[in-house]
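Asker: Give me coordinates for this.
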Amino acid sequence: MLTFLLELKRLLSDGSFALYFYIVVVIWMVWGTKAVISAKYRPYSTPFEGTVSVIIPVVDEPVDLFREVLDRIRKQQPDEIIVVINGAKNPALEAVCDELGIEHVHTSTPGKRNALREGVAVSSGEIAVLVDSDTVWTANTLDELLKPFADATIGGVTTNQRVLDPARNVLTRWANWMESVRSEYSMPAMSRLGTVGCLPGRTIAFRRSILVRNMDRFMNETFLGVFLEVSDDRTLTNYTLKDGYKTVYQSTSVVYTDAPTEFRVLAKQQFRWARGSQYNTLRMSWWMLRNAPMLAFFYLTDIIVPFLILGCVTSWLIVPFIAKDTNLYEEFLLPAHGAGLVFLLGLAILMTVLSLVLRYSRHFGRQPADISLIPLFLLLNTFVLIPIRVWGFFQCARNAGWGTRNGGFRGEQQRGLGLYVPMVLGGLLLLASIALAVLPDRTLI
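Answerer: Next up is the predicted model:
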């Protein structure tokens, strides 16, 4: 934040600027837009009158957790609950279903998409609710989730997702912060516009007719000629939007989900999400630009900003070797030693913390203890999340299956020329970002 203010001074004095200045402007523009739009968000309140089917694909879950998940859903009395056990037979999970009187079917064909197809095929409700098998509902999850469907223009609805027991360690606290930021800013803003770009899949609801109509496309998903089986929730959201329906967020429908407690698992999860999100953004770009320009702004900046930041950081590392007398920020050198250096470094840290507190005040207002973890959150975002998102873009045309679960992928590993398209695009983005950062005498035209 200090560097940004110094760069602002330079811009006002002689019209020149560094790439970092542009990055901060874009970040604040995205946040400001979401903050203004989301302030007008209100959850839906009119009850929905219609039938509902809850579909739960499962491969393997701890029996006790699975029992709790099913029992909480059963108590909310949907018209039908269908568990689809996918892959190998699982007598323990079947026994839990029998114990609770819940219908279950088995399909030996692996893949979450196939499990969803089987569940939708045997369901009969007007609304199909798709639930991850490790997601825990709260008391009124279903009633609140269904309320937006009283509006016939709405085709898909998602829940307010929270992390179960976030105080376990720093990683779960960070995951909870990320979920909170999304539910406080991104989701309400997109919902207010009727175009939530991705209805997160822990618990989501669609008009069943949309799923039936698009099931063949869903089961034969290709991107650049390669079959992909990731980001099912985003794919179904795409179909809903393209069919002319609104997609919205219902903040009063609350669910809890687990978060990784180990760094390796967290990185793998974030990589999977990065791939799925960005290939769908590329796929939907033309539609968004024509039909939902604000959604395009949100998602395209979500791709570009990590490349700009990585390019900026890379430039700091290489400039001293290619131009030893070059100072990226010219007259704004920090003192080499003494109290001045300590003061400026302290001021930089303080202003960074204050800017984050301002931007995420809704979360920190509810959980002020997280303010003390801002430095760790910054480290995770900068040195873990940003590289993962960039690498996820490079790899977004590789086919893969259902997360980290064994037996969850029905496709074959494929490699074609399409695999290299995101690699070339990503390489050009990264090179352009580095060039923008190191070229001298940048001026605002």
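
Asker: CA-only coordinates of stretch 303-319, as CSV, when you get a sec.
Answerer: This file holds the C-alpha atoms of stretch 303-319, laid out as CSV (Å, rounded to 0.1, in the frame of the first residue of the first chain):
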residue,chain,number,x,y,z
ILE,A,303,-7.2,-14.8,-14.5
ILE,A,304,-5.1,-11.7,-15.4
VAL,A,305,-4.2,-10.3,-11.9
PRO,A,306,-2.2,-13.4,-10.8
PHE,A,307,-0.1,-13.2,-13.9
LEU,A,308,0.5,-9.5,-13.4
ILE,A,309,1.5,-10.0,-9.8
LEU,A,310,3.8,-12.9,-10.7
GLY,A,311,5.3,-10.8,-13.5
CYS,A,312,5.8,-7.9,-11.1
VAL,A,313,7.6,-10.1,-8.5
THR,A,314,9.7,-11.7,-11.2
SER,A,315,10.8,-8.3,-12.4
TRP,A,316,12.1,-7.4,-9.0
LEU,A,317,14.3,-10.5,-9.1
ILE,A,318,15.7,-10.0,-12.6
VAL,A,319,16.0,-6.2,-13.0
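
Asker: now it, how far from the centre of its chain.
Answerer: 22 Å (Cα atoms, centre = their mean, to the nearest Å).

Asker: buried residues in that stretch?
Answerer: 303-315, 319 (16 or more other Cβ atoms under 10 Å). All C-beta atoms are positioned from the backbone trio N, CA, C, and that covers glycine.

Asker: Tell me which residues of the helix or strand hosting Val424 come out buried.
Answerer: Per DSSP states H and E: Val424 is located in helix 420-438. Buried positions in helix 420-438, judged by neighbour count with 16+ other Cβ under 10 Å: Val421, Pro422, Leu425, Gly426, Leu429, Leu430, Ser433, Ile434, Leu436, Ala437, Val438.

Asker: Need the mean per-residue confidence for that helix.
Answerer: Averaging pLDDT along helix 420-438 gives 84.

Asker: Give me the helices and strands touching it, please.
Answerer: Secondary-structure packing of helix 420-438 (3 or more Cβ pairs under 8 Å, 6 or more residues apart in numbering; DSSP states H and E): helix 19-38, helix 263-291, helix 293-322, helix 386-394.

Asker: what mean pLDDT would you report for the third one?
Answerer: Read that as helix 293-322. Computed over helix 293-322, the average pLDDT equals 83.

Asker: how far off helix 263-291 does that helix point, in degrees?
Answerer: Helix 293-322 and helix 263-291 are oriented at 120 degrees to each other (axes from the mean of the first three to the mean of the last three Cα atoms, to 10 degrees).

Asker: Any idea how far helix 293-322 is from the middle of the chain?
Answerer: 18 Å.

Asker: and which of the buried residues of helix 420-438 is nearest His104?
Answerer: Nearest to His104 among these, counting by Cβ to Cβ, is Pro422 at 39.0 Å.

Asker: gap between the closest one and Pro62?
Answerer: Distance of Pro422 to Pro62, computed by Cβ to Cβ, to the nearest Å: 36 Å.

Asker: before we move on, back to that, okay, the helices and strands packed on helix 420-438, which one's buried deepest?
Answerer: Neighbour counts (mean count of other Cβ atoms under 10 Å) averaged over each of those peak at helix 386-394, with a mean of 21.

Asker: Tell me the helices and strands packed up against that one.
Answerer: helix 263-291, helix 293-322, helix 420-438.

Asker: The helix holding Val424 vs helix 263-291, what angle?
Answerer: 90 degrees.

Asker: that older thread, next, format the helices and strands packed on helix 420-438 as TSV and append distance to Thr107.
Answerer: Shown next, in TSV, are the helices and strands packed on helix 420-438 (distance: least, Cβ to Cβ, whole Å):
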stretch	distance to Thr107
helix 19-38	40
helix 263-291	22
helix 293-322	33
helix 386-394	29
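
Asker: out of those, which comes closest to Val212?
Answerer: Among those, helix 263-291 sits nearest to Val212 (Cβ to Cβ), with 21.2 Å.

Asker: picking up where we left off before, and the buried residues of stretch 303-319, which is closest to Ile154?
Answerer: Ile303 (27.5 Å).

Asker: measure the closest one to Ser180 for me?
Answerer: Taking Cβ to Cβ, one finds Ile303 at 23 Å from Ser180.

Asker: what about stretch 127-138, distance to the chain center?
Answerer: Worked out by Cα atoms, centre = their mean, stretch 127-138 lies 18 Å from the chain centre.

Asker: If you drop the residues flanking it in sequence, what lies closest to Cys97?
Answerer: His104 (4.1 Å; Cβ to Cβ, 6 or more residues apart in numbering).

Asker: in a strand, that's where that neighbour is, yeah?
Answerer: Yes: checked against DSSP: H, G, I helix; E, B strand; the rest coil, His104 lies within a strand.

Asker: So it is in contact with Val83, correct?
Answerer: Yes: at 4.1 Å, His104 and Val83 qualify as touching, with contact defined as Cβ atoms under 8 Å.

Asker: can you list residues touching both of the two?
Answerer: Taking Cβ atoms under 8 Å, 6 or more residues apart in numbering as the criterion, His104 and Val83 both touch Leu93, Cys97.

Asker: Out of the two, name the residue with the larger neighbour count.
Answerer: Val83 (28 against 20; other Cβ atoms under 10 Å).

Asker: And the more buried one, what's its pLDDT?
Answerer: Per-residue pLDDT puts Val83 at 97.

Asker: What of Ser231?
Answerer: Value for Ser231, per-residue pLDDT: 85.

Asker: need the contact list for it.
Answerer: Cys198, Trp273, Arg275, Gly276, Ser277, Tyr279, Asn280.

Asker: picking up where we left off before, export the buried residues of helix 420-438 to TSV and tack on distance to Pro148?
Answerer: Below are those laid out as TSV (distance: Cβ to Cβ, whole Å):
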residue	distance to Pro148
Val421	37
Pro422	34
Leu425	36
Gly426	37
Leu429	37
Leu430	40
Ser433	40
Ile434	45
Leu436	43
Ala437	44
Val438	49
